[in-house]
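Chemist: quick one, structure for this:
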Amino acid sequence: MAVINISLPTLAATKRLGVFLANILRAGDVIALNGPLGAGKSELARAIIADQNPDELDIPSPTFTLVQTYEMADGTPLLHFDMYRLDAPEEARELGVEDAFYDGVSIVEWPDRIGGYLPSNALHCTLAILPDGGREMTIEASPQWQARLDGITQL
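Modeler: Numbers count the residues shown, from 1 in each chain. Below is the predicted model of the structure:
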């Protein structure tokens, strides 16, 4: 497992990271976004979605709907999950995560709330808020991700 640390001093830096990630994703990929409230998880997800859906003007956080569905440029389903409001991991199954994790690209905020439903090959991205207001991301990448992440620290 490779660990990569990336400084995200501005929202623009977070958006650049989102564009980078959007362009390396393929069916079956899962990005697990961890971090406290306000760390930038939804902003990163929006940047990924916006890159793949440039005509999408409103990209809401799925805080209350729990899932929003989009498409990648190649037609692959792109699902944005917000698991914050789940009471038990089993509720994730009702949202169709198993099919989404197999057929589509999934961005999962608050992945710890779904327990064992999260695939072992998910890309784990943890955002931290720095004292100066910037962000830092720690990425834990399994071998299947490592070659695709080449160049990520050059953003």
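Chemist: residues making contact with stretch 125-134?
Modeler: The contact list for stretch 125-134 (CB atoms under 8 Å, 6 or more residues apart in numbering) reads 7-10, 31-36, 38-41, 44, 135-140. To be clear about C-beta, it is placed using only N, CA and C from the backbone, and glycine gets the same treatment.
Chemist: now with 10 Å, please.
Modeler: Outside stretch 125-134, the residues within contact range by CB atoms under 10 Å, 6 or more residues apart in numbering are 4-11, 13-14, 17, 21, 31-41, 43-44, 107, 111, 135-141.
Chemist: out of those residues, which are buried?
Modeler: Buried members of the contacts of stretch 125-134, counted by 16 or more other CB atoms under 10 Å: 6, 8, 13-14, 17, 21, 31-35, 39-41, 43-44, 107, 111, 135-137, 139-141.
Chemist: those residues in strands, which ones?
Modeler: When DSSP state E defines the strands, the subset of the buried ones among the contacts of stretch 125-134 inside them is 6, 8, 31-34, 107, 135-137, 139-141.
Chemist: mean confidence score for the helix or strand hosting residue 126?
Modeler: For residue 126, the host element (DSSP states H and E) is strand 123-129. The average pLDDT for strand 123-129 rounds to 97.
Chemist: do stretch 37-50 as well
Modeler: Here the average pLDDT along stretch 37-50 is 95.
Chemist: how far does stretch 134-153 stretch from start to finish?
Modeler: End-to-end span of stretch 134-153 (CA to CA, to the nearest Å): 16 Å.
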